[in-house]
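Asks: Give the three-dimensional model of this entry:
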Amino acid sequence: MIDLLIQIWPYLVAAAYLLVGAIASAHVVLYKRDVRAAIGWVGLIWFSPFVGAALYLFFGINRLRRKATRHAEDDPLDESLHPLATPGATGLPESDEAAFVEGTEPHLLGLGQFVGRATGVPLTAGNLIEPLVNGDEAYPAMLEAIADAKRSVALCSYIFDNDRAGLMFLDALGNAVGRGVEVRVLIDAVGARYSRPQITELLEAGGITVAKFMDSPIPLRNPYVNLRNHRKIMVVDGRLAFTGGMNIREGCLLLRELPHPVQDLHFRAEGPVVEEIMDAFAADWSFTTQEQLEGETWYPALESPGPIVARGIPDGPDENFETIRWAIHGALSVAQRSVSIMTPYFLPDQSLITTLSLAAMRGVEVDVILPEISNLRFVQWASMAQLWQILERDCRIWLSPPPFDHTKLMLVDDSWALVGSANWDPRSLRLNFEFNVECYDTELVTRLAALMADRRAAGRELTLEEVNGRSLPVKLRDGVARLFSPYL
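Replies: Predicted structure coming up:
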């Protein structure tokens, strides 16, 4: 028997290789949306026997199928629930629609209709949204809100470090629990590992209800290891929200001149859009813990304290797939005068490169602000390898000087802003759970445009000649890095 096995084992291995390869390839062909990704995975499966199939099993399959928990029975495109699903509707009451048209350029009304139909989320009028620059402005405002909390605090962050900034939040949350406030803290399982010991241990010791998003004691056994919660959300008493791109870590406190400083932007929100922000947290919390957050504690009646029309846009590899990417395409398509983009990581796919180029070729001024020195060098190399494609179409690229700028911001025609957690890269736009807010308001956009103008003035313009003038070894290095852009 042993002699027989010795003789036939190569044939058994070959048969197993063919069977595994065929099954994995069939799954790729049936379920991968992007042709290039499908070709790449099939090649890896067949040219890396067993290893390629194993990598596809862990990193290539999206097993996640979530439904909104608070409105699980609702169809997101049910016309009675979401008026934006009806052509010509704006999702606003008639009086608010008139104010929206009056306060915003008419061509952006069509953008509001489009994003509503793409996301199934209605616009809300009467919001107040305030930008907060760096942790020096954001953290004191957030800590004050926690100190004033009467009923509830919901906090979600990708990174929540065990450092001086994290300990300030730990103390504030612990004090809130001591006052009888309902506190829920959700931290991504990968982001929680950025510091040791993990802040989750201290939160639990302080009696704070905390959970880690898609955690596994053995990461390779986690079927969702490649899908991370990158959202940054805090909602206090269901009335006041903070969201944007800022993690909780001491590097964001630039005035303290700590090592590894990071510039960033966060936003304080009041008004009906807070309910949409809370919905995103509640869905993540329910998915992670099976606890439903409902009632007045988390969802009080909301007033309309400001003039801003806004919409929360949840995005993820589930029912909200590529919603932010659709919003970006829509905004680029309707832009008439200007598009300004600020992002720490810039790896747009070919469709976004084409849409950016088309906007510039139509005469729209397209400005992209990137960090001159990235905290992820490999990503910066991949980005540099494709910048020529938009530079040759008259888009302008500006490099902001250190400290590293983590800000994510997009402005269109002085009246529309997209803010939140999503970067311009495949990980944010296809794999991560993200949350952005689109805002229609001239005053807010004017303030944000001034901030971007300051960043441009402090930096320098990157020219096509400079990109083309890189040495051959550098071009090859950057080109090889670009091959990995779908996975960065």
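
Asks: for the protein, which strand is longest?
Replies: Criterion DSSP state E: the longest strand present in the chain is strand 124-133.

Asks: Which parts of that one count as buried, going by neighbours?
Replies: 124, 125, 126, 127, 128, 129, 130, 131, 132 (16 or more other C-beta atoms under 10 Å). Any C-beta I mention is one placed from the backbone N, CA and C, and that applies to glycine too.

Asks: and the angle for the helix or strand just after it with strand 124-133?
Replies: Using DSSP states H and E, the helix or strand that follows strand 124-133 towards the C-terminus is helix 134-148. Put simply, helix 134-148 runs at 120 degrees to strand 124-133, going by axes from the mean of the first three to the mean of the last three C-alpha atoms, to 10 degrees.

Asks: just checking, what packs against helix 134-148?
Replies: Judged by 3 or more C-beta pairs under 8 Å, 6 or more residues apart in numbering; DSSP states H and E, the packing partners of helix 134-148 are helix 164-178, strand 233-236, strand 240-244, strand 265-270.

Asks: how about that helix: buried residues?
Replies: For helix 134-148, by 16+ other C-beta under 10 Å, it's 134, 135, 137, 138, 139, 142, 143, 145, 146.

Asks: follow-up on the earlier one: what is the nearest of the buried residues of strand 124-133 to residue 208?
Replies: Closest approach to residue 208 among those (C-beta to C-beta): residue 132, at 23.6 Å.

Asks: so what's the closest one up against?
Replies: 138, 141, 242, 244, 265, 266, 267, 268 (C-beta atoms under 8 Å, 6 or more residues apart in numbering).

Asks: Now with 10 Å, please.
Replies: 138-142, 242, 244, 246, 264-268 (C-beta atoms under 10 Å, 6 or more residues apart in numbering).

Asks: same deal with residue 193?
Replies: Residue 193 neighbours (C-beta under 10 Å, 6+ apart): 159, 187, 200, 212, 219.

Asks: Number of residues surrounding the residue nearest to residue 432 when sequence neighbours are not counted?
Replies: Nearest residue to residue 432, sequence neighbours excluded (C-beta to C-beta, 6 or more residues apart in numbering): residue 230, at 4.1 Å. Per other C-beta atoms under 10 Å, the neighbour tally for residue 230 reads 28.

Asks: ok, back up a step: please work out the angle formed by the directions of the longest strand of the chain and strand 265-270.
Replies: Going by the same axes, to 10 degrees, strand 124-133 makes 140 degrees with strand 265-270.

Asks: So for strand 124-133, mean pLDDT?
Replies: Mean pLDDT, strand 124-133: 96.

Asks: Domains in the protein, by residue range?
Replies: 2-60, 126-306, 323-487 (automatic domain parsing).

Asks: Out of these, which gets nearest to residue 113?
Replies: Per C-beta to C-beta, nearest to residue 113 of the domains of the chain: domain 323-487, 9.5 Å.

Asks: and the closest one, how far out from the chain's middle?
Replies: 14 Å (C-alpha atoms, centre = their mean, to the nearest Å).

Asks: Stretch 200-218 too?
Replies: For stretch 200-218, the distance to the chain centre is 22 Å (C-alpha atoms, centre = their mean).

Asks: can you check stretch 144-153 too?
Replies: With C-alpha atoms, centre = their mean, you get 26 Å for stretch 144-153.

Asks: Look at residue 371 and say how many residues are nearby.
Replies: By other C-beta under 10 Å, neighbour count at residue 371 equals 26.

Asks: Going forward, the N-terminal residue is numbered 639.
Replies: From this message on, residue numbering opens at 639, which makes the last subject residue 1009.

Asks: Might one say that it is in contact with residue 1035?
Replies: No - here residue 1009 does not reach residue 1035: they are 11.5 Å apart, not a contact under C-beta atoms under 10 Å.

Asks: Grab the most central residue of this structure for me.
Replies: residue 1060 (2.6 Å; C-alpha atoms, centre = their mean).

Asks: ok, back up a step: nearest to residue 1029 among the contacts of residue 770?
Replies: Nearest member of these to residue 1029, counting by C-beta to C-beta, is residue 903, at 25.5 Å.

Asks: show me what contacts the closest one?
Replies: Taking C-beta under 10 Å, 6+ apart, one finds 769-772, 775-776, 882-884, 980, 1043-1047, 1057-1058, 1086, 1089 in contact with residue 903.

Asks: repeat that with 6 Å
Replies: 882, 1045 (C-beta atoms under 6 Å, 6 or more residues apart in numbering).

Asks: that older thread, confirm that the residue nearest to the centre of the chain lies within a strand, as I assumed.
Replies: No - assessed with DSSP: H, G, I helix; E, B strand; the rest coil, residue 1060 is coil; it does not lie in a strand.

Asks: tell me the pLDDT at it?
Replies: 97.

Asks: Thought residue 1066 was touching it, still the case?
Replies: Yes - contact criterion C-beta atoms under 6 Å: residue 1060 and residue 1066 qualify, at 4.3 Å.

Asks: Find the residues that touch each one of these two.
Replies: Common neighbours of residue 1060 and residue 1066 (C-beta under 6 Å, 6+ apart) are residue 1072.

Asks: Nearest to residue 1078 among the contacts of residue 770?
Replies: Once C-beta to C-beta is applied, the member of these that ends up nearest residue 1078 is residue 905, at 14.6 Å.

Asks: isn't the closest one right next to residue 882, touching?
Replies: Yes - between residue 905 and residue 882 there is a contact under C-beta under 6 Å: 4.8 Å.

Asks: before we move on, the earlier item: any idea which of the domains of the chain scores lowest on pLDDT?
Replies: domain 640-698 (a mean of 79).

Asks: Distance from the chain centre to that one, please.
Replies: 32 Å.

Asks: Repeat that for stretch 826-840.
Replies: 20 Å.

Asks: end-to-end on it?
Replies: For stretch 826-840, the first and last residues are 16 Å from each other (C-alpha to C-alpha, to the nearest Å).

Asks: again, but for stretch 873-885
Replies: 15 Å.

Asks: go on, stretch 940-958?
Replies: End-to-end for stretch 940-958, by C-alpha to C-alpha: 25 Å.

Asks: I'd like to check what contacts that stretch. Which residues are they?
Replies: Outside stretch 940-958, the residues that reach it (C-beta under 6 Å, 6+ apart) are 700, 702, 704, 738, 757, 759, 761-767, 865, 908-911, 914-915, 918, 961-962, 965, 1069, 1071-1079.

Asks: Narrow those to those that are buried.
Replies: 700, 704, 738, 757, 759, 761-767, 865, 908-911, 914-915, 918, 961-962, 965, 1069, 1071-1079.

Asks: The stretch 939-1088 of the chain: helices as residue ranges?
Replies: In the stretch 939-1088 of the chain, the segments counted as helices under DSSP state H, counting those that start in this stretch are 961-972, 988-999, 1015-1022, 1026-1029, 1064, 1080-1096.

Asks: so which of those gets nearest residue 829?
Replies: helix 1015-1022 (17.1 Å).

Asks: Counting by contacts, list what that closest one packs against.
Replies: With contacts taken as 3 or more C-beta pairs under 6 Å, 6 or more residues apart in numbering; DSSP states H and E, helix 1015-1022 sits against helix 1110-1120.

Asks: now the helix it packs on and helix 1015-1022, what's the angle there?
Replies: 100 degrees.

Asks: From the contact counts, what lies against helix 1110-1120?
Replies: helix 1015-1022.

Asks: got the buried residues for the helix it packs on?
Replies: Buried, per 16+ other C-beta under 10 Å, within helix 1015-1022: 1017, 1018, 1019, 1020, 1021, 1022.

Asks: Could you look up the SS state of residue 821?
Replies: strand.
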